[in-house]
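Sequence plus predicted model, see below.
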Amino acid sequence: MTEVADFLVIIPTFRRPQTLRAAILSAQSQTGVTKRIVVVDDSPEGSADEVVRSFPGVIYLKNPEPSGGWPGRVRNYGFAATRKMEIGAKYLHFLDDDDAVAEGYYANVKETFTKDRRIGVVFGILRPTCRFSDDPEIRQRQEQHLQNLGEWRIMVARQPWLYDSIPAVRGWLFSLHAMFGPEMFLCSGGVVRHEHFMALGGFPDIRITEDFAFFTKAIRHFGVRFLKREAVAYGVGEAESLWTPLDLRGRAKMAHMKEFLETLRLRQQQLQTELGESRYNLLKRIFGAEQSLLERWAIPALERRGYFNDLYHMTAPDRFAKGAGPGAFPPVISRPTPF
């Protein structure tokens, strides 16, 4: 086996050369850590090869069986290929091709893992960004999409922002939220220990919510820490996006939503089977009571004191630059969303 790096970065990609270039550069530019970067091209024609060849040391893999929009399969293939190539690493980061790692994030993650061997996952804030279209109609939809996702990222980050400040019950709160709450982060926002990914068998063979399901298991089994800093600039609103197409409309959008909700239902069924019906229902009631307390009292009170201001500035800097205060953002809600 080759020398063990700090980070193994696996980047699935599909016909997005411009954003892929930025994603690779953002990982390659991380200082204070060693890393191996692997790009897994899911396009039948191998469109990413030329981009990757411009980055010496970055490994290019072409998926022999293009997934047709199944990100978990692409990530699992990439990981299995690195095992065959005997690429070793301490930490594993799956970076989407339209995301970019924030400066200094890997060094911060490494320090957090090193200080606490009991944790298996580290994640941080996702800041939505968008490469806007020149078409005015598409751009208008992109801007609305970006605003909606910015608000969602704020809502789902307020709980972990608070949980991480309560060390006595931090692990318990994160575990409950992973099982019953809206997703706290998407795939690019989290880093997992390499051996834990192997122990959990990789991403489950479901589409759309495979990262929710995987990280739910990882958090429950191995623990988590939340960093009050930007993890990645999270690309949204790309008209040609394979994973969450902006142009989904009508029946396609309904089918996407139906599949999303079905995969969430299956995840809850698996949890219920694993925990047993009685324990599952008890924990779900406890989580509901805890969320009610947070939404009705704790978060509004803390918001008035400016407790989340740093979060708002990180997640929606443009809105704050225009004078938007905490009251401009919607209240916490407990339902997940596919967009």
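In hand now; what should we look at?

for residue 66, helix, strand, or coil?
coil (DSSP: H, G, I helix; E, B strand; the rest coil).

so who does it touch?
Taking CB atoms under 8 Å, 6 or more residues apart in numbering, we find residue 66 in contact with 42-44. (C-beta placed from N, C-alpha, C; glycine too.)

Most neighbours among these, which one is it?
Of all the contacts of residue 66, the highest neighbour tally under other CB atoms under 10 Å goes to residue 42, namely 27 neighbours.

Helices of the stretch 1-150 of the chain, start to end?
Ranges of helices in the stretch 1-150 of the chain, per DSSP state H, counting those that start in this stretch, are 17-28, 49-53, 71-84, 105-115, 136-163.

Lowest average pLDDT across those?
Mean pLDDT values for the helices of the stretch 1-150 of the chain show the minimum at helix 136-163, a mean of 89.

Going by contacts, tell me the helices and strands next to that one.
Helix 136-163 makes packing contacts with strand 121-129, helix 170-180, strand 224-235, helix 299-304, helix 309-315 when contacts are defined by 3 or more CB pairs under 8 Å, 6 or more residues apart in numbering; DSSP states H and E.

As PDB, could you dump the C-alpha coordinates of the second one?
So that's helix 170-180. Provided in PDB are the C-alpha atoms of helix 170-180 (Å, rounded to 0.1, in the frame of the first residue of the first chain):
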ATOM      1  CA  ARG A 170     -24.200  16.700  22.400                       C
ATOM      2  CA  GLY A 171     -23.800  13.100  21.100                       C
ATOM      3  CA  TRP A 172     -27.300  12.200  22.100                       C
ATOM      4  CA  LEU A 173     -28.800  15.300  20.500                       C
ATOM      5  CA  PHE A 174     -27.000  14.700  17.200                       C
ATOM      6  CA  SER A 175     -28.000  11.000  17.200                       C
ATOM      7  CA  LEU A 176     -31.700  11.800  17.700                       C
ATOM      8  CA  HIS A 177     -31.600  14.500  15.100                       C
ATOM      9  CA  ALA A 178     -29.900  12.200  12.600                       C
ATOM     10  CA  MET A 179     -32.700   9.700  13.000                       C
ATOM     11  CA  PHE A 180     -35.700  11.900  13.100                       C
END
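
Distance of residue 145 relative to residue 311?
21 Å (CB to CB, to the nearest Å).
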